[in-house]
Structure formats: C-alpha cells, structure tokens
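Asker: Please work out how this folds:
(2 chains)
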Amino acid sequence: MWSWLFHRITGVILVAGLLYHFIFMHFMGHDNYSYEAVAQRLKEPSWQFFNIIFLLSALYHGFYGLNGLVSEYIKGNYWKRFMKYVVFIIPIVLAFFGMKIVIF
Amino acid sequence: MRYRWHIGSLAWLVHRITGVLLALYLIAHIFVLSHLKDPSSYNQIMNMMKNPVIKIGELMLFAVVLIHVFAGIRITMLEIGFSTKYHKQMAYFSAFAVCLIWLIGAFYFLKEVF
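Answerer: Predicted structure coming up:
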C-alpha cells in the first residue's frame, strides 16, 4: 500500500519536475546544458536539492514499475528472486552515481 | 492471464510499454551523464545530440514521455474520484494534449539544430 502510494506521489513529482526539466533544458535555448552552465548550477544548493529529489523520484518510480513487471511476468522462482535483486540493486547504484555527481 | 481487448486495455498496455522504455532510458541517461566529469567528453556527447538520427530519437522519447505522463494523469484523476463516465473523454483529451504538446515541443527541439 505505502509503496504503491509512494509510486503515485513520485509520479506527481515527476510530472512537475519533467515539465521544468524539458522547458529549462530544451525550450529556453541550449546554453542551459553547456558544461559550464551545468557545473555552475550544480554548485547551488537549491539546484542540488531539486536534482536529488528528481533523481530519486525517477529511480523509485521507474524501478517500482519494473518490480511490478518482474512480479507479474517472471514465472520461475529462481529467476524471479534474481530479477528482484537486480531491480533493487540497479537503482541504488544509479542513485549513488547520480548523487556523487550532484554533490561532488 | 487473458484480457478482453478494448480501448481501455490498449491504454493500459501503452502505459506499460512506455513505462518500460522510460525505465531503460533512465538507466542509460543517469549512467552516461554521471560519468561525464570533464568538459571535453561532455561536449563531445552534447555535440552528438545535433546528429539528425539522435534528434529523431529524442523526439520519439519526448512522445513516449508525454504519452506516459498523460496516461498517469488520467488514471490518477480516475482514482481520486473523477467519474468513470468521463473515461473515454479523458482518454481523447489526453491524446489531443499529447499531440499538441508534442508539436510545440518538437518545434523547440528542432530549433536547437537550425
């Protein structure tokens, strides 16, 4: 129940975040994603906050979805358990890479 | 599992397939971007974005995002209490909104190249 609700909440966060992401990165000119502009933004705490929330929401939402697919479609017990570990570990690794680049 | 196929189950299937595509893209997106630590490799990747093939891929991805987002908004609205009477109208409105936003967005995406 809670994991499902959190999937919904992160979905709402992502709608708002993606709107911002697309408008800012693509619709307001391409200077916004030059190396210098990105490096500059990542120094600001407000952007770091936004990026981390956005990153974690996207990972949770995406891998909660994949977790559902594993539950529904993979039949063998061994494979199911294996894939459950995979969809648990990949987002943690990606969250680590993502947070590393945001914070350092 | 067996379903009787109608427009609702088609909407569900499209939502699911676009979701899988986005999750796979998310893996690549975060992995690639988090490994670009110096200006030269970063700019190399970003110049690749001007390649027409990549641009078409980007536009398709944008469509996938919009389809998934509007399907999500529609089921969220249904679940917070909007009457299922309007289910079809909402689906048609979503399709219209996706097309409209995609066209506007595509204009800006292509403006980056020209």
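
Asker: all helices of the chain, in order?
Answerer: Because you didn't say which chain, this covers chain A. A:2-22, A:35-41, A:45-73, A:77-103 (DSSP state H).

Asker: switch to chain B, that's the one I care about
Answerer: Going by DSSP H, chain B shows helices at B:7-34, B:39-48, B:52-79, B:87-111.

Asker: Can you lay out those helices as TSV showing distance to chain A?
Answerer: In this view, the C-beta of every residue, glycine as well, is placed from N, C-alpha and C. Output for those, formatted as TSV (distance: least, CB to the nearest CB, whole Å):
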stretch	distance to chain A
helix B:7-34	4
helix B:39-48	4
helix B:52-79	5
helix B:87-111	4
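
Asker: Select, out of those helices, the one closest to residue A:66.
Answerer: Checking the helices of chain B against residue A:66 by CB to CB gives helix B:7-34 as the closest, at 5.2 Å.

Asker: relative to helix B:52-79, how tilted is the closest one?
Answerer: On the basis of axes from the mean of the first three to the mean of the last three CA atoms, to 10 degrees, helix B:7-34 is oriented at 130 degrees to helix B:52-79.

Asker: re earlier: worst mean pLDDT among the helices of chain B?
Answerer: Of all the helices of chain B, the minimum mean pLDDT falls on helix B:39-48 (a mean of 82).

Asker: Could you count how many residues lie near the nearest residue to residue B:25 once chain neighbours are set aside?
Answerer: Closest residue to residue B:25 in three dimensions, ignoring its sequence neighbours and counting by CB to CB, 6 or more residues apart in numbering or on different chains: residue B:61, at 6.4 Å. Using other CB atoms under 10 Å in any protein chain shown, residue B:61 has 14 neighbouring residues.

Asker: ok, back up a step: check the helices of chain A for me: which has the lowest mean pLDDT.
Answerer: helix A:35-41 (a mean of 82).

Asker: Can you lay out the helices of chain A as a markdown table showing mean neighbour count?
Answerer: Below are the helices of chain A laid out as a markdown table (neighbours: other CB atoms under 10 Å in any protein chain shown):
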| stretch | mean neighbour count |
| --- | --- |
| helix A:2-22 | 15 |
| helix A:35-41 | 13 |
| helix A:45-73 | 17 |
| helix A:77-103 | 14 |
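
Asker: Need those helices in a markdown table (columns: distance to chain B).
Answerer: Putting the helices of chain A into a markdown table (distance: least, CB to the nearest CB, whole Å) gives the following:
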| stretch | distance to chain B |
| --- | --- |
| helix A:2-22 | 5 |
| helix A:35-41 | 4 |
| helix A:45-73 | 4 |
| helix A:77-103 | 4 |
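
Asker: Out of these, flag the one nearest residue B:14.
Answerer: Residue B:14 sits nearest to helix A:45-73 of all these, at 13.8 Å, using CB to CB.

Asker: what angle sits between the closest one and helix A:2-22?
Answerer: Going by the same axes, to 10 degrees, helix A:45-73 makes 130 degrees with helix A:2-22.

Asker: Check which helices and strands helix A:45-73 sits against.
Answerer: Packed against helix A:45-73 by the contact rule (3 or more CB pairs under 8 Å, 6 or more residues apart in numbering or on different chains; DSSP states H and E) you find helix A:2-22, helix A:77-103, helix B:7-34.

Asker: would you list the ones you listed in JSON lines and tack on distance to residue B:41?
Answerer: Converted to JSON lines, the helices and strands packed on helix A:45-73 look like this (distance: least, CB to CB, whole Å):
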{"stretch": "helix A:2-22", "distance to residue B:41": "22"}
{"stretch": "helix A:77-103", "distance to residue B:41": "13"}
{"stretch": "helix B:7-34", "distance to residue B:41": "10"}
